[in-house]
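Asker: Return atomic coordinates for the entry below.
(chains A and B)
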Amino acid sequence: MPVLDRFDTPARLPEPDDAGRDAWSARVAGLVAPLAARFTQFFDPTATDVSADAVAPPIVWNAFPATLLQSATSQEQRWRTADASRHRQDEYCEWSVERDGAGTVTRVTFTTEVPEYYEHLAAQDPDRLLALYRELVGPHVQPDELIVGGRYVRENVHNRSTEGRLVHLVQRNNTLGAAIVLAAEATVLRHDAAGEPVTTAQALVRCGGLGEPLRNSDPQIAAATNDAAATGAEVSLLDPMGLYLDGLLTAGMRTPDGEDPATFWTIERGDAEHALRAGYAVPPERGYAVGDITLDGRPIRFGAQLADRVGVRLTALVDPAGHRPVRLPCVA
Amino acid sequence: MGSPAPTDTSCAAFRRLPSEALRPGAVHRFVVGEDDAVRVLTGEEAAAELADPFATLLLLRGVFPRTAGEVLDELDRATPADDPLRQGFFFLVGEGSQIPMSAATASVDRRLRFLATRGAGPDGAEVLISAFHPDEGDVELMAWDQRTGGFNYFQTVGATSAWVFAGNSRHALRAPTQGKGPFESHLSGNFVMKELRFPWLHWHSQAANVLPSVLPRDPPLADHPWVTGRDPRGALTCEVAVAKPGILRWTRTRFQQLLADGGVVEDPARVMVQVLGTPSVNLISSQTESRAAAGGVVDLPQTFFVDSEGLTEVLGLQEPPPFTVSGDLYTANLASFRVRLTDGRGFERAGDTHFAFAVPERAFEDRAVLEEALRTGLLTRRLAACLLMTDFPNPVFSARREALLAHVPARAVVTEGASSFSQEMGDAVAAAAEGTPAGSPEREFAARWALGEDFQASFDAELQDYYGAVTARLATQDGYDDVVRLAESRRARVRTMPISETPLLFARTDVPPGDRTMRADATIVEG
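Answerer: Reported below is the predicted structural model:
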């Protein structure tokens, strides 16, 4: 596999010209290159050949925030809590819910789009940014609501709520940069105070100071990367680097008319392999709404009930190599 | 062809079938308790009895795979590319799967086994295959019967191409087959996924990967398609897309069949034993890795302290708070109770299971029965609440609650979603209470039954007081140590159940054996 020419946009979203493509690549390179310089077993695929033996294992976890499971008192309590704030949705996936006048859920929109991409749009072409917002949210979006004082506002008035239609990730840990840093830092092998290797997911995250041990995502990314590094391999993320939706499990869901509940899941940005945004909504001609669908016997009243079943994916790139890593003590 | 019936009526009876009793390339029937001996089914008999996709697409067409992998290959050959039976998952589970590989642990029997499923729809999988190796014999298979409902249970013995039909889910529910053969562990005729909820102790999952290094090397499995193709979310997918839909599907079907005769239920006790007793359990643990506990907080499963699945999720009563213990109290207890993992064959390692504090909880299949009994009108919310509130600090293995089975009416009739069964049973228990000593389960039930329909506030207050007492006890070393003693007595019960197949299921401790129960003031009683 030759050296990558440049980092592609998430899901290979189209850029109008080479300048735009180069700008995005430079943005990602600004994240990757310093980490590759710092961590021996983390590499920059735009600077290093990748051998034919390289593999690309997917790392998949669940969209519902695992941190809320530990403090949950009941199913409804955890669903309500997760639906109440985007800042709780910390698994590199956020969602927002639309309801009709009676409060019935009519649509849930999920996104894994990273804020860095929207900052890229704002820097490259504010008109494209505005057009995209108007496509995703509605025609009422105004430019000065998105860019204030020359800076793009991630958590702007159209992208901060769990109601309506969201645009991209805003939770502070839900960034492409955070995922890349985690993957890079997790290539460092660790041992505990007794000299025993630290390999299990939560212990590794605690030991290496790699994020939140009770999330789904951080321990998964860290453990997978660390396990690969332990074999002496070099690790990076597969291009196009990004977080992707990995589908909705619909077993146990029942629709009023017997229609396959999977047909209501629509990828709205990206493609089947690299889904960035998806909506779950029933076509109007069917005469019922998402809230009329049951899930394990319960009607869907929260977006979080679907988040329990939505996967989020990051794909590693593991290139076999002959490193003989030395385990280091814990840092936390 | 026939052979004398083994006296063993357990699952192991199949492993002991004499090879000469099995004809390669034939369908056999051995429903333990119903069949005196294993026998070959004629084509007509097999077609009359079996209407699941495994039988209809393969066995009845003369296709007899020898291994789990061959089953999938043959299903692929028998179905078009877009058939749902081409869709499926691979899962990996093993009680020793989280013990790191080293020279000291190389000989540990990790009991790694695969689950492969085929058929993806709202009701879950149509075919489920369990095997220790994809390319070897001794395959166990369940497949949903499209004609009669329920799962048909099959298995092979060794590397033969002889398949044995071992019964249908309905055989789990009635004499003389219940509790025998596969229904020794599949007690209600369901697929058994012991660790059914996050973090799915022992399963490959998003919470804990099974690393390639622990896979068998002779023959090597790390690059096998069943390993490389295993579902990345693992146990979560199995829970959501296989186990729970399958359990709900059979429970719905079972009740439809139960009420098909004009709503007359001739043996309501078979339903009530799943409401009041603990015929089976699931296993639950902390979400915290034992090894990551020191200096932090260890969450403890709510369902260890109360049946919150039944009382809160189903009946809407007061929800429990999160129960936790400090990591320091937890780790001090590991040392003082000499908690260790052992495989019973020489391996021993100090410490707990991968995720801390593994304990039994009320089985999801029993909760499903409770919900279906409420939905169909067999049970009222009031009766269910009064029954489950009896001895509520002991959500599993409650002899007090189980004693109420003595008062189940012999018959029930459900008409248009309602039944007098609940009133009759409640009144029967209340009437019996007068002749029982103070503190009897009947008197406990009767006191709550007397509240009538307006019971919620009183029950919620009782639960709230209990939750407060538990929380207070968990803040002290003595209190937590007592909780571990109670946990150990419940684990000991599980170790006597067929689902306990290896010493690695739970950690071992130095806690002396003995029955223990929790009281409403959160103190533990011996005996």
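Asker: contacts, neighbours, all on C-alpha from now
Answerer: Will do.
Asker: how about the residues of the stretch 151-300 of chain A that lie near chain B?
Answerer: A:200-203, A:206, A:214, A:216, A:219-220, A:227, A:249-254, A:260-261, A:296 (CA under 8 Å from any CA of the partner chain).
Asker: Show me which of the residues you listed are buried.
Answerer: A:200-203, A:206, A:214, A:216, A:219-220, A:227, A:249-254, A:261, A:296 (16 or more other CA atoms under 10 Å in any protein chain shown).
Asker: and the residue in chain B positioned nearest to chain A, what does it touch?
Answerer: At 4.0 Å from chain A, residue B:122 is the closest residue in chain B, using CA to the nearest CA. With contact taken as CA atoms under 8 Å, 6 or more residues apart in numbering or on different chains, residue B:122 is in contact with A:250-254, A:260-261, B:245.
Asker: Recalculate using a threshold of 7 Å.
Answerer: A:250-254 (CA atoms under 7 Å, 6 or more residues apart in numbering or on different chains).
Asker: from these, which single one is nearest chain B?
Answerer: residue A:251 (4.0 Å).
Asker: Remind me what the helix or strand bottoming out on mean pLDDT in chain B packs against, helices and strands.
Answerer: In chain B, no helix or strand scores lower on mean pLDDT, DSSP states H and E than helix B:12-15, which sits at a mean of 78. Helices and strands touching helix B:12-15, by 3 or more CA pairs under 7 Å, 6 or more residues apart in numbering or on different chains; DSSP states H and E: there are none.
Asker: For that helix, buried residues please.
Answerer: Neighbour counts using 16+ other CA under 10 Å place B:13-14 of helix B:12-15 among the buried residues.
Asker: all strands for the stretch 201-332 of chain A, in order.
Answerer: A:234-237, A:244-248, A:253-254, A:265-270, A:275-281, A:294-295, A:298-299, A:310-319, A:328-329 (DSSP state E, counting those that start in this stretch).
Asker: Strand partners (parallel or antiparallel) of the third one?
Answerer: Under the criterion DSSP bridges, strand A:253-254 sits next to strand A:294-295 (antiparallel) in its sheet.
Asker: same question, the last one
Answerer: Sheet pairing here is set by DSSP bridges, and for strand A:328-329 it gives strand A:190-191 (parallel).
Asker: Go ahead and name everything in contact with the next helix or strand after the partner strand.
Answerer: Later in the chain than strand A:190-191, the nearest helix or strand by DSSP states H and E is strand A:197-198. With CA under 7 Å, 6+ apart as the test, strand A:197-198 has contacts from A:190-192, A:204.
Asker: Now with 6 Å, please.
Answerer: A:190-191, A:204 (CA atoms under 6 Å, 6 or more residues apart in numbering or on different chains).
Asker: quick one: average pLDDT of that strand?
Answerer: The pLDDT scores in strand A:197-198 average 91.
Asker: Over to stretch A:68-79?
Answerer: For stretch A:68-79, mean pLDDT is 95.
Asker: So for that stretch, what gets flagged as buried?
Answerer: So for stretch A:68-79, counting by 16+ other CA under 10 Å, buried means A:68-70, A:72-75, A:78-79.
Asker: coming back round to it: quick one: the residue of chain B closest to chain A and residue A:79, what's the gap?
Answerer: Plainly put, residue B:122 is 22 Å away from residue A:79 if you go by CA to CA, to the nearest Å.
Asker: ok, back up a step: out of the contacts of strand A:197-198, which comes closest to chain B?
Answerer: Closest to chain B, out of all of these and judged by CA to the nearest CA, is residue A:204, at 8.4 Å.
Asker: show me what contacts that closest one?
Answerer: residue A:198.
Asker: pLDDT at it, what is it?
Answerer: At residue A:204, pLDDT is 93.
Asker: Many thanks, we can stop here.
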